[in-house]
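Asker: The amino acid sequence is not available; the structure is as follows:
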RNA sequence: GGGCCUCUAGCUCAAUUGGCAGAGCAGCGGACUUUUAAUCCGCGGGUUGUGGGUUCGAGUCCCACGGGGCCUACCA
């Protein structure tokens, strides 16, 4: 932020139209400038992190009124300020939430410097303080200040520490949320730890991380409405990717046998508490693997991510305990569905029977669904929410998963699973279709839908088909939503896990 | 898309039947050398989301618009 209208040599920026507290802070900034002290210096002394001092001294169990003799310079944000006349207490907080008390006394600072401190420092300011590490009379680890500098003057008051910010304020001003709310700070670090664990798990298994284009010529790899944009250099309409799949398969065809990407995808669809316009996808492909090797992989990914943030047991939404250290269950789609409807249903069950079952169980269907799609609809409505313990739901009807390979034993099914945990879908995997002729048929079918106006259908990606015709190894492929994983492991909503969620302009 | 709720001081929230717009924290002035949401005395702070309307009088009732939330529907 710049204040071009403020003349620093002639301080008069106490603008009348500002709220009182902002005016006061601007005046203090002006006073610093007037005395020749920069309110935003290039650097300030800092010999120790608050965290360092806590690590060094907390373990020593110091008596009250201890003087350690160690001289330090520390820096942090003033989050608490108490003035008892000739002695001021300040609590500094640094970015990770570590706090340390600083004491400003008449005896150590002198009358003039103490008065300057009282007159210039507000809650929220970033401060550098020099002094000795001591413990207070109450035994609290502190720095007894002998000098201080403003590191950066804050012009807006911090919100009330003791009342939670409204949910809207939290997401609109996440920077403030991060300052005042420990859970917000922890979320940032938890997500980073999860990402690190995911990469370590892939890397440990010999997977190679790649980056593939976000800007795409065609819409493919999933069924979703894309964002459109324009590339001026080619005068070319472009799409933002909705999935990573096609480029990762191209890489695998080229010999990146174990390949993964963690990256942003974009979907121009409805937004709600579980759907975001942009979100991070995790996809991996393993040549000579299949959907069983992917099941092993995803368990290890989730387990290691949980361990990285110390959360390997989760309380399910029905109150039960989910222990992700335990092997995940396997079930079949038709097995679970048969159980739910109380009669045997399989890939050969005809459309009429399935429609009848849908009616009996009050499941509303979209028009023109085929038998396989109805079976999946029934499963989603009747079974999905009951899958609290981690469960791989395997073997989908062919028509419901057009990019998976036919099942090795059961006709009419394909080798695909969805992983459910706490009643939500967390990841998917296939034994990937690699017959370029069948692949072409499927994609042509999709492109006809697209031509007919289905905004979610895939475009025909001729280059992808050409790549497939060079031979894609038999492979397993998996996908998982990063935000859903973090939500699951931390037990929070999507607006908490995304640092800066998309919001309407104020 | 449909339904319900909500928007008041920097922040979090009150305001009875339509009758002077308030509190806590934060801020300003004063006292206090051990506070930890300190205490004590005093003071300021508002276009009640925006625009209309009803009324002697609107934070409150009506209409429209905007922001936010919840439920529902849709959604690889």
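Answerer: Perfect, thanks for sending it. Source: prediction; values computed, not measured.
Asker: Tell me the secondary structure at the nearest residue to residue A:92 once chain neighbours are set aside.
Answerer: Leaving aside its sequence neighbours, residue A:92 sits nearest to residue A:76 (Cβ to Cβ, 6 or more residues apart in numbering; 3.1 Å). For every residue, glycine as well, the C-beta is placed using N, CA and C. Secondary structure state of residue A:76, per DSSP: H, G, I helix; E, B strand; the rest coil, is strand.
Asker: what's the answer for the one 4 residues further on, then?
Answerer: With three-state DSSP as the basis, residue A:80 sits in strand.
Asker: Can you tell me how far it is from residue A:123?
Answerer: In this view, residue A:80 and residue A:123 are 7 Å apart by Cβ to Cβ, to the nearest Å.
Asker: Pull the contacting residues for residue A:317.
Answerer: Neighbour list for residue A:317: A:388, A:422-423 [criterion: Cβ atoms under 8 Å, 6 or more residues apart in numbering].
Asker: and with 10 Å instead?
Answerer: Residue A:317 makes contact with A:385, A:388, A:422-424, A:491 under the criterion Cβ atoms under 10 Å, 6 or more residues apart in numbering.
Asker: Same check on residue A:104?
Answerer: The contact partners of residue A:104, by Cβ under 10 Å, 6+ apart, come to A:83, A:86-90, A:113-114, A:117-118, A:121, A:129, A:131, A:143-146, A:148.
Asker: Now narrow those residues to whatever sits close to RNA strand B.
Answerer: With the criterion set as Cβ under 7 Å from any atom of the strand, the members of these near RNA strand B are A:83, A:86-87, A:89.
Asker: sorry, back to before: hang on, the residue nearest to residue A:92 packs against residue A:46?
Answerer: Yes. Residue A:76 is in contact with residue A:46 according to Cβ atoms under 10 Å; the separation is 9.5 Å.
Asker: got any residues that touch both of these two?
Answerer: A:128-129, A:151.
Asker: RNA strand B: which of those residues is nearest?
Answerer: The closest of the shared contacts of residue A:76 and residue A:46 to RNA strand B turns out to be residue A:129 (Cβ to the nearest atom of the strand; 14.8 Å).
Asker: Surely residue A:369 is within a strand?
Answerer: No. Going by three-state DSSP, the assignment for residue A:369 is coil, not a strand.
Asker: Neighbours of the spatially closest residue to it that is not a sequence neighbour, how many?
Answerer: Using Cβ to Cβ, 6+ apart and skipping residues adjacent in sequence, the residue nearest residue A:369 is residue A:377, 6.7 Å away. Here the number of neighbours of residue A:377 (other Cβ atoms under 10 Å) works out to 18.
Asker: Let's verify residue A:377: helix, strand, or coil?
Answerer: helix.
Asker: returning to what we had before: the more surrounded of residue A:76 and residue A:46?
Answerer: residue A:76 (24 against 15).
Asker: Who are the contact partners of the more buried one?
Answerer: Contact analysis of residue A:76 by Cβ under 10 Å, 6+ apart lists A:46, A:49-50, A:90-95, A:98-100, A:102, A:125-129, A:151.
Asker: got a winner among the contacts of residue A:317 for most neighbours?
Answerer: Neighbour max across the contacts of residue A:317 (other Cβ under 10 Å) = residue A:422, 21 neighbours.
Asker: Count the residues that sit near residue A:375.
Answerer: 26.
Asker: What number of residues are in the vicinity of the nearest residue to it once chain neighbours are set aside?
Answerer: Closest residue in space to residue A:375, ignoring its immediate chain neighbours: residue A:397 at 5.5 Å, by Cβ to Cβ, 6+ apart. Counted by other Cβ under 10 Å, the residues lying close to residue A:397 total 22.
Asker: pLDDT score for residue A:397?
Answerer: In this model, residue A:397 is scored at 91, pLDDT.
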